[in-house]
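Colleague: Structure, please.
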Amino acid sequence: MIGFFLRWSINLLALMIATRLVDGIRVESIGMGILAAGILGVVNAVIRPVALLLTLPINLVTLGLFTLVINAMMLELVAYLVPGFVIETFRAAFWGALIISIVSWLLNIFVSGDGRMVYIKTSRKGGDGQ
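Modeller: Down below sits the predicted model:
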């Protein structure tokens, strides 16, 4: 359960960063941002895989770049469903989806599948070669 809330928080943070960096994306209130992040998680878990499967031939021809268009369309779908989340143009949705994907990917590196924080422990070898 904590993993779910941690990933939701990561989505929220990525969404807020995108609203700051991309003109044309607005979140009217933090409540609408929380709702949009939750719906974005559900859309990415349920609808996005179906859309990717249906567009597989186009994705293969474009070497996966069409996935960016799918991500932008999923973000526009969330904006359509959440009244306080506004995306003005497809260009804003495209760049917002790209930023959200990058930020989410960077933050999810440190979260395991069950929601625990992951870190890399390094050790130094002693002077005797061990």
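Colleague: buried stuff in stretch 17-28?
Modeller: Ile17, Ala18, Thr19, Val22, Ile25, Val27 (16 or more other Cβ atoms under 10 Å). No exception for glycine: its C-beta is placed from N, CA and C like everyone else's.
Colleague: Could you tell me the end-to-end distance of that stretch?
Modeller: 14 Å (Cα to Cα, to the nearest Å).
Colleague: Just the mean pLDDT for it, thanks.
Modeller: Per-residue pLDDT values over stretch 17-28 give a mean of 95.
Colleague: related to what we said a few turns ago, among the buried residues of stretch 17-28, name the ones in strands.
Modeller: Among these, the ones falling in strands (DSSP state E) are Ile25, Val27.
Colleague: in the chain, which spans are helices?
Modeller: Along the chain, counting by DSSP state H, helices occupy 2-21, 30-54, 56-61, 66-81, 90-108.
Colleague: ranking those by mean pLDDT, which is last?
Modeller: helix 2-21 (a mean of 89).
Colleague: helices or strands next to that helix in the packing?
Modeller: strand 25-27, helix 30-54, helix 90-108 (3 or more Cβ pairs under 8 Å, 6 or more residues apart in numbering; DSSP states H and E).
Colleague: Partner strands of the first one, with direction?
Modeller: The reference is to strand 25-27. strand 85-87 (antiparallel) (DSSP bridges).
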